[in-house]
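1. Below are the sequence and a predicted model for it; my questions follow.
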Number of protein chains: 2
Amino acid sequence: MDKQRDDTIASRISRALAERIISGALTPGERLRQDHIAEEFGASHVPVREAFRLLEAQGLAVSEPRRGFRVAAFDLKEVREVAEMRAVLEVLALRHAIPHLTAAILDRAEAATVAADTSRDVRSWEAANRAFHRLILEPCGMPRLLVSIDDLHAASARFLFSAWRSSWEARTDHDHRAILAALREGRGDEAAKILERHVGWIGRTPVKTAAGEMREAFLIVG
Amino acid sequence: MDKQRDDTIASRISRALAERIISGALTPGERLRQDHIAEEFGASHVPVREAFRLLEAQGLAVSEPRRGFRVAAFDLKEVREVAEMRAVLEVLALRHAIPHLTAAILDRAEAATVAADTSRDVRSWEAANRAFHRLILEPCGMPRLLVSIDDLHAASARFLFSAWRSSWEARTDHDHRAILAALREGRGDEAAKILERHVGWIGRTPVKTAAGEMREAFLIVG
DNA sequence: AAAAACTAAATTATAGATAATTTTCTGCCG
DNA sequence: CGGCAGAAAATTATCTATAATTTAGTTTTT
């Protein structure tokens, strides 16, 4: 097929595995066996090990010396940690992005919000949500910060998919709209404040299961 | 000598190279030639490549597909970015650490401050400064956050060493003392505020060179 | 049935080979 | 004399094969 990609085999394997970890196809704590994965991708173990290191850097895998790599576990404590880091880093990015935001960017962010509200499954909601955040933060022009935020989004998405594997219902995202309204009207501080609360909010919430029962679930807002 | 370390060859090479990059022995933009480094460490190229990936994760090296790895460049813009990320992340860590701070920890942090004030060279000042920050932040119990902060400290140190290679004079660090005083008296918010300004502050300042001339230099406070 | 010993599997590392690509050198030509 | 083209050298990224070490699992022994 397309062998002439600009990137290396290691990064291609890394992306493929990241997808599986985030989607939940590879479960937390599962071992990543280099020879099996090498065979599956028709590669040798060298690029596979490099791919593992890339995943480790994103916090999706952990290395235990002489015992190989496993898919990173995650508990509620870690999810909270990720959410709080996202909150402060996204606020920082937004403050730097504000002077460079244009009406065109805000229009595209609004389109992403509409796409999120009308999505039929978690996957597309997550993609639209991520697009919204990316759009309003990217103009900050701080590459290292944006990479960190991306990695934290990946960790959030993992949790999201594990919590909402089957049942899912899109809700209108009032926070996104409030952030956009504030940005359009030049109330930057308020936009930052809403974003901080929006991203940092994690808690228990009652959820109706497919069977019609109510149960408690953890929820990341966005 | 000591072959029976608990860690892998890759991580040992990575630490050794990190040391050189931070200290400035390897200059920004310099190429990292895997075969040369493999030979120097008496290893093969596989662990060397893994070491490069580890450095990449810390932001000390960058990979250009088919062109190998180079020491990460850094300009003033990036230094500012690192300082601002450190400011918000350290404040977050401090807020979580405060409930777990003990008098014993604060005493050790004070000792680190004294050590910084009396250091005779940049290296020991940096080590003492880093120890101060580590001590008051570690009790936050957020491992991912602490790793991020450590990586940012490494990037700061690089800049520090490049700016102050020859002349150096220790100054009394009033910010550290003010932070400690606020923490001891239970004024957590004020401690966080000082820390944020302390870490985030970067600017030009007049510096007296060894030759007695005045010139402008960039400065990270700590 | 618990402890010890053996076995199997996997990770970590080495070595050498190869294709592709980049860098460097060199010499020719305008 | 400077710049471009092409040749030569170096380097990366990969594979294959293999050894050493460690973990994990199974069997044997007491």
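-> Received, thanks.
2. Can you tell me the SS state at the nearest residue to A:W125 once chain neighbours are set aside?
-> Spatial nearest neighbour of A:W125, chain neighbours left out: A:S119 (4.1 Å); criterion: CB to CB, 6 or more residues apart in numbering or on different chains. Backbone N, C-alpha and C define where each C-beta goes, glycine included. Following DSSP: H, G, I helix; E, B strand; the rest coil, A:S119 is assigned to coil.
3. does A:S119 really touch A:A170, like I thought?
-> Yes: using CB atoms under 8 Å, A:S119 is in contact with A:A170, at 5.3 Å.
4. Next, show the common contact partners of those two.
-> Counting by CB atoms under 8 Å, 6 or more residues apart in numbering or on different chains, the residues touching both A:S119 and A:A170 are A:W125.
5. domain parsing for chain A?
-> Per automatic domain parsing, the structural domains of chain A span A:9-71, A:76-220.
6. lowest-confidence stretch among the ones you listed?
-> Sorting the domains of chain A by mean pLDDT places domain A:76-220 lowest, at a mean of 89.
7. Start from the N-terminal end of chain A and give the strands.
-> Assigned by DSSP state E, the strands in chain A fall at A:31-32, A:61-64, A:68-71, A:202-208, A:214-220.
8. buried ones in stretch A:55-64?
-> Neighbour counts over stretch A:55-64 (16 or more other CB atoms under 10 Å in any protein chain shown) mark A:L55, A:E56, A:A57, A:Q58, A:G59, A:L60, A:A61, A:S63 as buried.
9. Among those, which ones lie close to chain B?
-> Among the buried residues of stretch A:55-64, the ones lying near chain B by CB under 8 Å from any CB of the partner chain are A:E56, A:A57, A:G59.
10. And the buried residues of stretch A:55-64, which is closest to DNA strand C?
-> Closest approach to DNA strand C among the buried residues of stretch A:55-64 (CB to the nearest atom of the strand): A:S63, at 6.2 Å.
11. and the closest one, what is it in contact with?
-> A:F52, A:R53, A:E56, A:F69.
12. I'd like to know how far the residue of chain A positioned farthest from its centre sits from DNA strand C.
-> Centroid-distance maximum for chain A: A:R66 at 30.1 Å, with CA atoms, centre = their mean. Distance, A:R66 to DNA strand C, using CB to the nearest atom of the strand, to the nearest Å: 5 Å.
13. Enumerate the residues of chain A near DNA strand D.
-> Residues of chain A lying close to DNA strand D (CB under 7 Å from any atom of the strand) are A:T8, A:I9, A:A10, A:G42, A:A43, A:S44, A:H45, A:V46, A:P47, A:E50, A:R66, A:R67.
14. Spell out which residues sit in contact with the closest residue to A:L135 other than its chain neighbours, please.
-> Excluding the flanking residues, the one nearest A:L135 by CB to CB, 6+ apart is A:A109, at 4.4 Å. Going by CB under 8 Å, 6+ apart, A:A109 touches A:F132, A:L135, A:I136, A:H176, A:L180.
15. Go ahead and confirm the second one touches A:E110.
-> No: no contact is recorded between A:L135 and A:E110 when judged using CB under 8 Å, the distance being 9.4 Å.
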